[in-house]
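# Got a predicted structure plus its sequence, pasted below:
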Amino acid sequence: MPDPSTASRRPLLSGNWKMHQNHFEAIQFVQKFAYLIGKDELADVDVSLHPPFTDIRSVQTVLESDKLGYALGAQHCHWEDKGAFTGEVSPAFLEKLGVDYVICGHSERRELFGETDEMVNRKVRAIIAHAMTPILCCGETLDERESGRTEGKVLGQIRAGLAGVTAEQVAAMVIAYEPIWAIGTGRTATSADAQEMCAAIRACVAELYGASTAAGVRIQYGGSVKSGNIAELIDQPDIDGALVGGASLDPDEFAKIVRLGR
Ligand code: PGA
């Protein structure tokens, strides 16, 4: 019999714009997207938009004034509330802007900007402390996959990322499994491979926190998600949504993904 708490996991489709679209383009995107995806279509799915920092205030204004049901997201943040951290963005400021979801530990932040598991864990805890939801990213390189080190890498990132987080907090979190070799490459993990790793992540959460926490945490797949593969991915029992990069920049394509990913 399916676990009743499993049935309550609403799919979350998140658009990670990375360093694309200035604030004018962001406003145009939201207006076009709102025309394509009506409120009734959001009854059984959550959608979050993660624009660059410079766009967040503009996007927030459109979401509020047009009463749109999308959640506001950020792509990362610092773990301290304030201080001498030139160029960094405080989680307290994001909370004040009405941000709901913050991506942390994206492989691009880890690989290009030196974010370690420890830094990612501090961010996870800071985001939760500010009443926002972390989207904790994990994933293996092609080399790690081909040499049989996928589980070790990914579950290590999960254990480190969740250190000091309570069971209740984990149950309300989002984890994004993003194989690095599938990000921006057009290569998607097969739905069976993606399901296998998402199930392994859920089993790891169960081992650390118990079955009901594992049943609550939402696990997204990310890596070249598009309208052509979302339906098969979302059909998998342990995949509760998608973190979408390139395909989330086109309102038509992202609207299709939302419609097919419910
Ligand atoms: P992609 O990016 O959809 O362009 O592969 C996903 C991500 O990096 O979150």
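Okay, I see it.
# When you work out contacts or count neighbours from here on, use the C-alpha atoms and nothing else.
Fine.
# How many residues are close by whichever residue of the stretch 1-150 of the chain sits closest to the ligand?
Of all residues in the stretch 1-150 of the chain, Asn16 sits closest to the ligand, at 5.6 Å by Cα to the nearest ligand atom. Neighbour count of Asn16, defined by other Cα atoms under 10 Å: 23.
# The chain should start at 33 in everything you say after this.
With 33 as the first residue, the last one maps to Asn48.
# I'd like to know the beta-bridge partner residues of it.
Bridge pairing for Asn48 (DSSP bridges) gives the partners His82.
# Touching, it and His108? I think so.
No - taking Cα atoms under 8 Å as the definition, Asn48 is not a contact partner of His108, at 10.7 Å.
# hang on, the earlier thing: give me every residue that touches the residue of the stretch 33-182 of the chain closest to the ligand.
Neighbour list for Asn48: 81-83, 107, 275-278, 280 [criterion: Cα atoms under 8 Å, 6 or more residues apart in numbering].
# at 6 Å what do you get?
When contacts are counted by Cα atoms under 6 Å, 6 or more residues apart in numbering, Asn48 touches 82, 276-277.
# Now distance to the ligand too, for those, in CSV please.
Converted to CSV, the contacts of Asn48 look like this (distance: Cα to the nearest ligand atom, whole Å):
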residue, distance to the ligand
His82, 10
Val276, 4
Gly277, 3
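# Going by distance to Arg142, which of those residues wins?
Taking Cα to Cα as the measure, Gly277 is the one of the contacts of Asn48 closest to Arg142, at 16.4 Å.
# now the nearest residue to that closest one once chain neighbours are set aside: how far from Leu281?
Spatial nearest neighbour of Gly277, excluding adjacent residues (Cα to Cα, 6 or more residues apart in numbering): Asn48 at 4.9 Å. Asn48 sits 8 Å away from Leu281, going by Cα to Cα, to the nearest Å.
# Quick one: end-to-end distance for stretch 142-152.
From start residue to end residue, stretch 142-152 stretches across 9 Å - Cα to Cα.
# Can you give me the neighbour number for Gln63?
17.
# This protein against the ligand: which residues are in contact?
By the rule Cα under 6 Å from any ligand atom, the part of the chain lying against the ligand is 48, 214-216, 254-257, 275-278.
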